[in-house]
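Peer 1: everything below, folded, please.
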Amino acid sequence: MEKDRYLTFALTKGRLADKTLELFERVGIECREMEDKSTRKLIFVNEEMGLKFFLAKAPDVPTYVEYGVADIGVTGKDTIMEEGRRVFEVLDLKLGKCRMCVCGPEHAKELLEHHELIRVASKYPKIARDYFYNEKHQTVDIIKLNGSVELGPIVGLSDVIVDIVETGGTLKENGLMVLEEICPLSARMIVNQVSMRMENARIRQLVSDLRKVIDEKES
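Peer 2: The predicted structure is shown next:
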C-alpha cells in the first residue's frame, strides 16, 4: 500500500480487534506495536506502511469515523445501525456472526401477530423503534435497558425484548425464545465519507484484498 499520508483505523476493543488484526495480517497489514498487551500506548503506528491504529469502545468507532479522526473503522453491524452515523459501510468481514431478534415467551407471538400495543425492552432502542415502526407498522413502548434485557419479560417490565442472539442458550434457560428475526449481524468495515474520496485507491485496494481473503475463508 503506497502512502502519501497516514491511513488511520479505529478498531473495536477486545476480541474483535484481535480477529480483525489476524485478518489484516493475511493481506500484509500488521502493527507489531499492538502485540504488546501490557502497553499503555493509545496510538499504534506502522511507519513503513503509513498506517495508524487505535482501539475504541464499539459505540465510539462510528463517531470517530464520521468526524474523520479515523479514515476506517471496524465494528459490529448492530453498533452501526444503533449509532446511525454518516459513514460508508464497505465490507462485511464475516466475523462475530449473530442475529438481532425479537424474543420473548411463546405467548407473546400473538401480541406480535395482532400488532397490539406492547412494551419492548432493549439495549438498542433505535433498532427496535425502526423495526416496529417502519417495518411492522406496530406502535410500541420502547424501554431502554443496559443490563440483562432477558429480565424484562421475566419480571413483567416488558412483553418482548430486542437483542442479539448467538446460540439462544440464555433465552432457552430463561423460558424465552426467538419470535422474529430482524437482521443478521457481523463485523463491518466503515469508511469516512471524505476519506473515501481522498484515499479512494488505497481504500478500494484494501477492500479488494480483504474480500478475496474472506471469500477464500468462507469457501
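Peer 1: right, and residue 150 touches residue 175 too?
Peer 2: No: contact criterion Cβ atoms under 8 Å: residue 150 and residue 175 do not qualify, at 9.4 Å. Where you see a C-beta, it was placed from the backbone N, CA and C, and this is true even at glycine.
Peer 1: now the lengthiest helix in the chain: average pLDDT?
Peer 2: For the chain, the helix with the greatest residue count under DSSP state H is helix 200-218. Across helix 200-218, the average pLDDT comes to 94.
Peer 1: any idea how far residue 142 is from residue 110?
Peer 2: Using Cβ to Cβ, to the nearest Å, one obtains 20 Å as the distance from residue 142 to residue 110.
Peer 1: out of these two, which sits in the more crowded spot?
Peer 2: Taking other Cβ atoms under 10 Å, residue 142 and residue 110 do not tie; residue 142 has more neighbours (18 against 9).
Peer 1: quick check: that one touching residue 127?
Peer 2: No: checked against Cβ under 8 Å, the pair residue 142 and residue 127 is beyond contact range at 10.0 Å.
Peer 1: where does the residue nearest the centre of the chain land on pLDDT?
Peer 2: For the chain, residue 76 is the residue whose C-alpha lies nearest the centre (Cα atoms, centre = their mean; 1.2 Å). The score at residue 76 is 98. That number is its pLDDT.
Peer 1: how about it, phi and psi?
Peer 2: Dihedral angles of residue 76 (phi, psi; degrees, to the nearest 10) stand at phi -70, psi 150.
Peer 1: centre of the chain to the longest strand anywhere in the chain, how far?
Peer 2: Looking across the chain with DSSP state E, the single longest strand is strand 177-185. Chain-centre distance of strand 177-185: 15 Å, with Cα atoms, centre = their mean, to the nearest Å.
Peer 1: kindly report the same for stretch 81-100.
Peer 2: Taking mean C-alpha positions (Cα atoms, centre = their mean), stretch 81-100 and its chain are 5 Å apart.
Peer 1: run through the chain and note the low-pLDDT ranges.
Peer 2: For the chain, the stretches flagged by pLDDT under 70 are 1-4.
Peer 1: show me it divided up by domain.
Peer 2: 7-96+186-218, 98-183 (automatic domain parsing).
Peer 1: strands along this structure, start to end?
Peer 2: 7-12, 43-46, 51-56, 72-76, 88-92, 98-104, 118-122, 140-144, 160-165, 177-185, 187-191.
Peer 1: pick the most buried one from these.
Peer 2: Highest mean neighbour count of these: strand 72-76, a mean of 27 (counted as mean count of other Cβ atoms under 10 Å).
Peer 1: that one versus strand 51-56: what angle between them?
Peer 2: 30 degrees (axes from the mean of the first three to the mean of the last three Cα atoms, to 10 degrees).
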